[in-house]
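*Asks:* just need the structure, nothing else, for what follows:
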Amino acid sequence: MTETVIHPTAEVHPTAEIGPGTRIWRNVQVRQGARIGASCIVGKDAFIDHGVVIGANCKIQNGAQIYHGAALEDGVFIGPAVVLTNDRLPRAINPDGSLKTEADWEVGRILVRFGASLGAGAVVVTGVTIGRFAMVGAGALVTHDVPDHGLVVGSPARLVGYVCACGRRVTDAAEGSGWCAVCQGGVALAT
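*Replies:* Now for the predicted structure:
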């Protein structure tokens with residue numbers, strides 16, 4: 001395993017946990033209590049909020065924003081400029097006009113399961129789970145859960161098919177299982 005690398009321009013809070021072999025690049029901010037697993041890559045200008053949990057072998061591309069309440073399992077790919085949100089009812093102020101504080105809202109949760117991939121510019125609204133090996137198309141706005149191996153695109157994102165662990169579309173998905181002609185893998189689907 002390679003050594004951990006943190007670029008000198010990155011801001012990593014002293015209470016953040018960074019796994020062995022992880023590489024954190026230029027202008028990244030990792031806030032207090034964040035946990036990043038082993039052998040991850042965090043691209044330049046990414047933001048990892050306080051308390052975020054990221055598993056091993058994840059790739060977080062340039063400019064991604066992962067807010068408090070998000071958890072990524074192992075092997076997740078987060079494309080450039082992806083945003084994982086945490087506030088379903090965002091407001092700067094309370095009804096009386098006073099500035100909102102952390103005590104005035106409830107943090108939302110997002111879970112991105114093992115091996116899932118989120119394409120460039122995707123936005124995930126809080127309260128969503130992205131299933132194992134699911135794929136979210138570039139620019140998608142994800143407002144509902146995505147099933148294991150599900151392929152979603154659009155705004156709002158809609159299920160258009162299923163993909164194999166290698167990322168290619170599978171056939172026979174309507175039968176509750178699929179087959180990848182490229183890697184010859186079978187996929188059990190929750191249809």
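*Asks:* where does this protein dip in pLDDT?
*Replies:* 1, 172-182, 184-191 (pLDDT under 70).
*Asks:* so what's the closest residue to L118 other than its chain neighbours up against?
*Replies:* Closest residue in space to L118, ignoring its immediate chain neighbours: V136 at 4.4 Å, by C-beta to C-beta, 6 or more residues apart in numbering. All C-beta spots, glycine's among them, are computed from the backbone N, C-alpha and C. By C-beta atoms under 8 Å, 6 or more residues apart in numbering, V136 lies in contact with 116-119, 122, 124, 130, 142, 146, 152-153, 157.
*Asks:* in TSV, list the residues you listed along with secondary structure and neighbour count.
*Replies:* Listed next are those as TSV, based on DSSP: H, G, I helix; E, B strand; the rest coil; neighbours: other C-beta atoms under 10 Å:
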residue	secondary structure	neighbour count
A116	coil	25
S117	strand	21
L118	strand	29
G119	coil	20
A122	coil	27
V124	strand	27
I130	strand	28
V142	strand	24
V146	strand	25
V152	strand	25
V153	strand	17
A157	coil	24
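*Asks:* quick check: the farthest pair among these?
*Replies:* Farthest apart among the contacts of V136 by C-beta to C-beta are A116 and V153. That separation is 14.5 Å.
*Asks:* ok, back up a step: tell me which of the contacts of V136 is nearest to T15?
*Replies:* Closest approach between the contacts of V136 and T15, by C-beta to C-beta: V124, at 25.5 Å.
*Asks:* you'd agree that closest one is up against I130?
*Replies:* Yes. Here V124 reaches I130: they are 7.0 Å apart, a contact under C-beta atoms under 8 Å.
*Asks:* if I look at these two, which residues touch both of them?
*Replies:* 110, 112, 118, 136, 142.
*Asks:* which non-adjacent residue is nearest the first one?
*Replies:* In this case it means I110. Nearest one to I110, counting by C-beta to C-beta, 6+ apart, is A70 at 4.5 Å.
*Asks:* which residues does the one you found contact?
*Replies:* By C-beta under 8 Å, 6+ apart, the residues touching A70 are 49, 52-53, 84, 86, 109-112.
*Asks:* over to C58?
*Replies:* Contacts of C58 by C-beta under 8 Å, 6+ apart are 36-37, 40-41, 72, 74-78.
*Asks:* so how far is V107 from it?
*Replies:* Distance, C58 to V107, by C-beta to C-beta, to the nearest Å: 21 Å.
*Asks:* try T4
*Replies:* In terms of C-beta to C-beta, T4 sits 28 Å off from V107.
*Asks:* check Q65 too.
*Replies:* From Q65 across to V107, the span is 15 Å (C-beta to C-beta).
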